[in-house]
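A.B. asks: Let me see the structure of the following:
(one chain, ligands or ions: 1)
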Amino acid sequence: MNREKILGPLDTANEDDHSLRPKKMGEMVGQREVYERLMIAVDAARKREEPLGHILFDGPPGLGKTTFATCIPRELEVPIEMATGASLRAPKDLLPYLTNLQEKSVLFIDEIHRIPTAVEEYLYTAMEDYRIDLILGEGVNARTLNMSLKPFTLIGATTRAGMLTGPLRDRFQFREHLNFYTDQELTEIVKRNAVKLKMEIDDVSALEIARRSRSTPRIANNRLRCVRDYSTAKENGQLNPEITLKALEMWEVDTLGLDRLDRKYLETIARVFMGGPAGIEAIGHTMNVALDTLTDEVEPFLLRSELVIRTPRGRMVTQKGLDHLGINDISLPDQKEAQDPETDSDG
Ligand code: ADP
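C.D. replies: Okay, the predicted model is just below:
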């Protein structure tokens with residue numbers, strides 16, 4: 001089961017992302033170093049009239065990988081083709097994208113870690129020499145067809161940079177890791193998006209939504225919409241800090257921004273596995289949640305907040321995690337001992 005099935009579409013990427021997504025890089029908040037480096041690269045490519053070097057973005061979901069990927073072609077004033085790694089199952093699936101490319105245009109592949117090796121190998125020559133060598137037919141009748149492509153820019157996005165093969169990773173000229181956002185940056189995003197949603201929001205409410213958004217713009221957008229819905233349905237469209245708190249509580253978003261799924265994850269390690277260490281697969285099976293959902297969407301923030309730690313023997317909830325859940329009848333095993341690499345069993 002994935003997060004969407006558990007929490008409904010409110011806590012996942014959805015088509016509304018589109019309406020709130022910045023259109024230009026200058027409209028993006030935060031990620032200043034990434035922004036500066038990319039603006040220089042964009043400017044240089046424009047001046048030299050060359051395609052921009054290939055770019056790889058990595059980081060947890062909802063931090064702005066797609067936003068950067070869609071803003072860059074606008075800065076360059078070139079078209080963009082969008083594909084997802086999971087839909088490129090065979091080399092032939094790449095063909096329409098590659099042959100549609102125009103000079104200096106951008107091909108964006110989201111979840112690029114999902115493309116199979118056979119497809120990845122075609123990308124190597126496409127990225128390096130702007131050419132693909134297709135093998136047509138089989139056995140003695142097989143022929144190679146060399147096709148040249150227009151010089152283009154590949155932008156890849158991944159939540160799992162570690163799953164990319166070395167040869168693919170090395171072909172990206174720019175590799176940018178997106179970090180979580182500060183509360184101030186998220187507050188700014190909440191305020192700007194409230195304007196786009198035609199809401200009036202006070203500073204205290206905007207900060208409260210930001211604080212409870214797990215340092216992630218997409219989650220801030222979702223929380224903002226939840227608050228707006230609550231205000232429309234229950235408060236005649238009025239909004240103040242008190243109403244904002246009531247709305248967030250109704251949606252079961254706690255003071256750290258954890259939602260039901262995050263808390264269930266922590267509770268499972270605490271109650272079922274006595275604090276851990278517990279293997280991620282065992283946790284996933286117990287919760288009936290897909291492993292990808294846990295590793296990509298739930299764990300990054302919980303690890304960063306030190307509510308849980310990863311050891312070679314599995315995940316362990318920390319004292320801070322137990323305190324947050326209000327659990328005081330469990331004594332945690334020695335976390336140092338669990339970190340002993342000799343007793344490795346889980347990744
Ligand atoms: P990812 O591709 O990393 O999963 P997205 O780029 O789709 O994340 O971001 C999700 C939403 O979050 C966007 O639609 C946008 O509204 C908001 N967002 C992300 N990054 C920023 C940013 N730097 N500034 C403003 N809004 C942002």
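A.B. asks: hey, let's count contacts and neighbours off CA atoms from now on
C.D. replies: Noted.
A.B. asks: For this structure, what lies in contact range of the ligand?
C.D. replies: 17-18, 20-22, 28-30, 61-67, 189, 217-218 (Cα under 6 Å from any ligand atom).
A.B. asks: and those, which of them are in helices?
C.D. replies: Among those, the residues falling in helices (DSSP state H) are 17-18, 20, 65-67, 189, 217-218.
A.B. asks: Just send these back as TSV, with neighbour count, distance to residue 41 and pLDDT too.
C.D. replies: Shown next, in TSV, are those (neighbours: other Cα atoms under 10 Å; distance: Cα to Cα, whole Å; pLDDT from 0 to 100):
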residue	neighbour count	distance to residue 41	pLDDT
17	15	26	68
18	11	25	74
20	17	26	92
65	23	17	97
66	20	18	96
67	18	17	96
189	23	25	98
217	24	25	97
218	24	26	96
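A.B. asks: Those residues into JSON lines, with extra columns for distance to residue 286?
C.D. replies: Below are those laid out as JSON lines (distance: Cα to Cα, whole Å):
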{"residue": "17", "distance to residue 286": "32"}
{"residue": "18", "distance to residue 286": "35"}
{"residue": "20", "distance to residue 286": "36"}
{"residue": "65", "distance to residue 286": "31"}
{"residue": "66", "distance to residue 286": "32"}
{"residue": "67", "distance to residue 286": "35"}
{"residue": "189", "distance to residue 286": "36"}
{"residue": "217", "distance to residue 286": "30"}
{"residue": "218", "distance to residue 286": "28"}
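A.B. asks: Pull the contacting residues for residue 156.
C.D. replies: By Cα atoms under 8 Å, 6 or more residues apart in numbering, the contact set of residue 156 is 55-57, 108-112.
A.B. asks: Over to residue 209?
C.D. replies: Applying Cα under 8 Å, 6+ apart, we find residue 209 in contact with 187, 190, 220, 223-224, 244, 248.
A.B. asks: Kindly recompute the last result at 10 Å.
C.D. replies: Contacts for residue 209 (Cα atoms under 10 Å, 6 or more residues apart in numbering) come out as 183, 186-187, 190, 203, 219-224, 227, 241, 244-245, 248, 253, 255, 257.
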